[in-house]
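[1] what follows is a predicted structure for the sequence shown.
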Amino acid sequence: MTSRRQLLLAGSSLLASGLFRGFTPSLFAQQAAALDVASAGSFRAMLEGPLKAAAAQSLRLDLRAHSQGADAVAKSLLDGTLAADVFIPITASPMLAVMRGGAAVVAEPIARTELVIVYSPKSRFAPQLAAAAESSAKGGDGWLQVLQSPGLRLARSNPAADPGGRAILFALMLAAKKYNQPKLVETVLGDAMNPAQVGAVKNPRQALESGEIDVMASYKTSVDDLPCLALPADVNLSGNDLKAKHPDVSLTLGGKVFYPESLMFYAAVLKKAANPAGAAAFVAWLKGEEAQGILRSGGFDAPGDAAPLHP
């Protein structure tokens, strides 16, 4: 069993590192204080895996993940059906909704990813997709042609309720603009809520593995061992200030207007946190060297010069 002296020494070392300015060693009095983290589903594996293990050792915090689509998590935090200490969505919109609802004050960028096209190795289009992936890596646009192939089966999530569902729409909107192909989105995706694609399969990954579908859009961090093709940097939503750069690109769903957003993960301490000291320590730690190294190992990219979010 870890001694109290060892806990205090560990806490003192972390405090001395500057990660927890303003916090006292009382944070480390417990072996592992609970910390409820509400997050986008795409961040769950990190919270339940390497970040959980490291936070337990470095912070004496027991991370408890509550993850689903970031929009749905934001709604649950605001209507009180979900209580948490920290919120980590992907893209700014869900975080801004929580902040403007009075549930958080500031959000720190902690990591980013990019959109890729994942394809089934059993797809009849697999050879063309593999060739397109090689071409895309060299700056080619063959991926545009293969995605427009008649009969290509594509699955995607609900864009009205999930940033991932909006991402493929925006990526193709940016590609249509870049390559001067005004019919690209309609040809590949049809209507924004096309029922042949949106919610067409219960488990898209299983559908890809079995060959039930040919392709789906995914964050680079969620690809695992399936083959994929990368998209150009000015299309894959990894850049900053996308709305400012493309004010003519927007999407209206259910009376709400959306704009292209960077696939950035943000972390914020929630005002009603049951463990506010632990929450603040965790968010600060996420920006530090240890957690950033863990995120890089997990395939996440650095946030770069992205600015914190304010309401």
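    Ah, there it is.

[2] pull the contacting residues for the residue most central in space within the chain.
    Nearest to the mean C-alpha position of the chain, counting by Cα atoms, centre = their mean, stands Ile90 at 3.7 Å. If you count contacts by Cβ atoms under 8 Å, 6 or more residues apart in numbering, Ile90 has them with Ala40, Ser42, Phe43, Ala70, Thr113, Pro163, Gly164, Tyr219, Leu263, Met264, Phe265. The way it works is simple: take the backbone N, C-alpha and C, and place the C-beta from them, glycine included.

[3] let's see 7 Å
    Ala40, Ser42, Ala70, Pro163, Leu263, Phe265 (Cβ atoms under 7 Å, 6 or more residues apart in numbering).

[4] can you count the residues close to the fifth one?
    The local packing count at Leu263 equals 26, with neighbours defined by other Cβ atoms under 10 Å.

[5] separation between it and Ala70?
    11 Å (Cβ to Cβ, to the nearest Å).

[6] shared neighbours of these two, anything?
    Looking at what touches both Leu263 and Ala70 (by Cβ under 7 Å, 6+ apart), the common residues are Ile90, Thr91.

[7] quick one, phi psi at the residue nearest to the centre of the chain?
    With angles defined as degrees, to the nearest 10, Ile90 sits at phi -110, psi 140.

[8] now it. Nearest residue, chain neighbours left out?
    Computed as Cβ to Cβ, 6 or more residues apart in numbering, the closest residue to Ile90 that is not its neighbour in sequence is Ala40, at 4.4 Å.

[9] measure how buried Gln292 is and give me the count.
    Counted with other Cβ under 10 Å, the neighbours of Gln292 add up to 17.

[10] and for Leu169?
    Counted with other Cβ under 10 Å, Leu169 comes out at 21.

[11] residues contacting Leu77?
    Counted by Cβ under 7 Å, 6+ apart, Leu77 has contacts Ala38, Ala84, Phe87, Val98, Ala103, Leu270.

[12] rewinding a little: which among the contacts of Ile90 gets closest to Arg296?
    Nearest to Arg296 among the contacts of Ile90, counting by Cβ to Cβ, is Phe265 at 13.1 Å.

[13] if we can go back for a sec, out of the contacts of Leu77, grab the one that's most surrounded.
    Neighbour counts for the contacts of Leu77 (other Cβ under 10 Å) peak at Phe87, which has 30 neighbours.

[14] was I right to think that residue contacts Val105?
    No. If you go by Cβ atoms under 7 Å, Phe87 and Val105 don't touch, sitting 11.7 Å apart.

[15] quick one: buried residues of stretch 40-48?
    Under the neighbour-count criterion of 16 or more other Cβ atoms under 10 Å, stretch 40-48 has Ala40, Gly41, Ser42, Phe43, Arg44, Ala45, Met46, Leu47 buried.

[16] so which of those sit within helices?
    Using DSSP state H, Arg44, Ala45, Met46, Leu47 are the members of the buried residues of stretch 40-48 that sit in helices.

[17] turn these into JSON lines, columns for pLDDT and distance to Asp214.
    Below are these laid out as JSON lines (pLDDT from 0 to 100; distance: Cβ to Cβ, whole Å):
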{"residue": "Arg44", "pLDDT": "97", "distance to Asp214": "26"}
{"residue": "Ala45", "pLDDT": "96", "distance to Asp214": "25"}
{"residue": "Met46", "pLDDT": "97", "distance to Asp214": "29"}
{"residue": "Leu47", "pLDDT": "98", "distance to Asp214": "31"}
